[in-house]
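[1] just coords:
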Ligand SMILES: NC(=O)C1=CN([C@@H]2O[C@H](COP(=O)(O)OP(=O)(O)OC[C@H]3O[C@@H](n4cnc5c(N)ncnc54)[C@H](OP(=O)(O)O)[C@@H]3O)[C@@H](O)[C@H]2O)C=CC1
Ligand SMILES: O=C(O)CCC(=O)C(=O)O
């Protein structure tokens, strides 16, 4: 990864050399962790103008510290399947940075989970959480467990075993996990039950994304998707575009995708395509969201089943083909590196106006360069999908105060937070002459708050 591509003025050579050194150490220390290298490289290249103007962050060794997690925990998760066979998975939790508050971030259950994935997610989470303005540090965790095809009892036994070990390292003022890919309200419920039993106490604030009946927040389910659209709305508004009447393509059909589609439709957009990890559907009349919800949220089925109910739609195998569908707005909401340079070039050829990242790191660095070079409005994940963790933090507040806000109250706060995040990015872009580059601006705005808190708290 060429870190020096971003900006090159005479007085930035020292900064480039410093960042190259940081990056080299990260690669050496986290050998073969490609996703983590990618997240760090993208981040570091954004900081050039900030470090050139404020060398204190280099002098205080902030980058050396911030790229090394405070703690990485790995543990064995043994469980017994429905046939009586003993299975073993690996659990992980990275507690990346606690400068702004207790570690906060989701848990991912997916066969691809390893230390690289968890570290990239935890690293990104630190700056995302900072952008929300909430008092939360960055963490992330999960297991290489595949929930697909498992019975409800198997999921429960896995969650209980996972929490048996994780419970030693978390707590309402220490580390507060939540959901991510493969972890929804059901899994959070099983983990909460087990934590309660281990502790012998009802500590509502230990997990977020809980069921509404036992300490969950209204609006948490919708928050990441709705927040994505609130951020997109701000981006479009500033450029004189509107979602009303626009054509939108959304990858994935999970939590983030479904509620991004719901809010975009409410604002007058026509969603023509969505996907899952097998393939994508195209419906030129506009996707019927109730059918998608029934297939994915109720039946845990495959998106291919959509065409059974809507024969006018088509289904295609494979995921990347979804980006060949012409659209005004593209919303990658499935997983990391799902949108590469080729896909970005195709979207640009088809006149895409805006891309907003609902998923974490869904665009490759080359794809981001294509968007920026072609002046496509580009909303980076850290800023765009921060609504989920922001409402998690609101859930923690409600738990502490022992009260529940209405859906409208939570949604209004979420909307305000997303507008603030956008404005902070715009302000950073203006200050560092990065107009049009919200990717770099979000990194700078997120980093600064964490870095200032680290300086204030000393080398610890
Ligand atoms: N949930 C949240 O609050 C937040 C989530 N995110 C990020 O958003 C993204 C989606 O998360 P979420 O919606 O919660 O997860 P879900 O598990 O609810 O949904 C994930 C969706 O992505 C699809 N998918 C998973 N892996 C791949 C792949 N390799 N190729 C194509 N599609 C894939 C899944 O398909 P299938 O059904 O076949 O598995 C599913 O449709 C992730 O990057 C996550 O980190 C970010 C902020 C908050
Ligand atoms: O709600 C949370 O704590 C975490 C959400 C999350 O995992 C994310 O923002 O990627």
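    Sure thing, it's come through. Predicted, not measured: the structure shown is a model, and the values here were computed from it. Ligands and ions are numbered 1, 2, ... in the order given.
[2] and the residue of the stretch 301-450 of the chain nearest ligand 2?
    Using CB to the nearest ligand atom, the closest approach of the stretch 301-450 of the chain to ligand 2 is made by residue 392 at 3.3 Å. Where C-beta positions appear, they are placed from N, C-alpha and C, glycine not excepted.
[3] residues contacting the residue of the stretch 151-300 of the chain found nearest ligand 1?
    With CB to the nearest ligand atom, the shortest gap between the stretch 151-300 of the chain and ligand 1 falls at residue 254, namely 1.8 Å. Applying CB atoms under 8 Å, 6 or more residues apart in numbering to residue 254 gives the contacts 181, 276, 296, 333, 334.
[4] And for residue 32?
    Counted by CB under 8 Å, 6+ apart, residue 32 has contacts residue 116.
[5] Please state the backbone phi and psi of it?
    phi 70, psi 10 (degrees, to the nearest 10).
[6] ditto for residue 83
    phi -100, psi 10.
[7] ok, how many other residues are close to it?
    Using other CB atoms under 10 Å, residue 83 is surrounded by 6 other residues.
[8] Number the residues from 16 up from this point.
    Got it, first residue is 16 now, which makes that one residue 98.
[9] the longest strand in this protein is where?
    strand 101-112 (DSSP state E).
[10] and the helix or strand following that one, what other elements does it pack with?
    Remark: after strand 101-112, the chain's next helix or strand is strand 118-124, criterion DSSP states H and E. Contact analysis of strand 118-124 by 3 or more CB pairs under 8 Å, 6 or more residues apart in numbering; DSSP states H and E lists strand 101-112, helix 130-147, strand 152-158, strand 190-193, helix 200-214, helix 402-416 as its packing neighbours.
[11] quick check: angle from the third one to helix 402-416?
    Note on geometry: by axes from the mean of the first three to the mean of the last three CA atoms, to 10 degrees, strand 152-158 and helix 402-416 are set 100 degrees apart in direction.
[12] Quick check: buried residues in the helix or strand that strand 152-158 is followed by?
    Per DSSP H and E, the first helix or strand lying C-terminal to strand 152-158 is helix 167-181. Neighbour-count burial for helix 167-181, counted by 16 or more other CB atoms under 10 Å, picks out 169-181.
[13] beta partners for the residue of the stretch 116-265 of the chain found nearest ligand 2?
    The nearest approach of the stretch 116-265 of the chain to ligand 2 comes at residue 121, 2.5 Å away (CB to the nearest ligand atom). Per DSSP bridges, the residues bridged to residue 121 are residue 193.
[14] mean confidence for stretch 186-198?
    Stretch 186-198 comes out with an average pLDDT of 98.
[15] Would that stretch count as contacting ligand 2?
    Yes: on the criterion CB under 6 Å from any ligand atom, stretch 186-198 is in touch with ligand 2 at 193, 195.
[16] same question, stretch 266-284
    No: using CB under 6 Å from any ligand atom, stretch 266-284 never reaches ligand 2; the gap is at least 9.2 Å.
[17] ok, residue 471 - how many residues close by?
    Count around residue 471 with other CB under 10 Å applied: 8.
[18] so what does the one helix or strand it maps to touch, helix or strand wise?
    In this structure, residue 471 sits in helix 453-472 according to DSSP H and E. With contacts taken as 3+ CB pairs under 8 Å, 6+ apart, helix 453-472 sits against helix 49-61, helix 63-68, helix 77-81, helix 130-147, strand 392-394, helix 396-399, helix 422-446.
[19] for residue 206, what are its contacts?
    Contacts of residue 206 (CB under 8 Å, 6+ apart): 122, 174, 175, 177, 178, 181, 192, 222.
[20] What separation do you get for the fourth one and residue 208?
    When distances are taken as CB to CB, to the nearest Å, residue 177 and residue 208 turn out to be 12 Å apart.
[21] Give me the phi and psi angles of the residue most central in space within the chain.
    Centroid-nearest residue in the chain, with CA atoms, centre = their mean: residue 375, separated by 3.8 Å. Backbone torsions of residue 375, given as degrees, to the nearest 10, read phi -90, psi 120.
[22] isn't it right next to residue 351, touching?
    Yes: proximity of residue 375 to residue 351 meets the contact threshold set by CB atoms under 8 Å, at 6.1 Å.
[23] And for residue 445, the neighbour number?
    11.
[24] Domains in the protein, by residue range?
    Domain ranges of the chain: 18-82, 86-214, 237-399, per the TED database.
[25] mean pLDDT lowest for which of those domains?
    Looking at the domains of the chain, the bottom one is domain 18-82 with a mean of 91.
[26] After the one helix or strand residue 363 maps to, which helix or strand is next? Please name it.
    If you go by DSSP H and E, residue 363 is part of helix 356-364. Proceeding N to C from helix 356-364, the next assigned helix or strand is strand 369-371, under DSSP H and E.
[27] Spell out which parts of the stretch 166-315 of the chain neighbour ligand 2.
    So the stretch 166-315 of the chain meets ligand 2 at 193, 195, 223 (CB under 6 Å from any ligand atom).
[28] isn't the second one right up against residue 128?
    No: counting by CB under 8 Å, residue 195 sits too far from residue 128 to count as a contact (9.7 Å).
[29] joint contacts of these two?
    The contact lists of residue 195 and residue 128 share residue 157, where a contact means CB under 8 Å, 6+ apart.
[30] contacting residues for residue 275?
    Residue 275 touches 239, 240, 241, 243, 244, 265, 346, 348, 373, counting by CB under 8 Å, 6+ apart.
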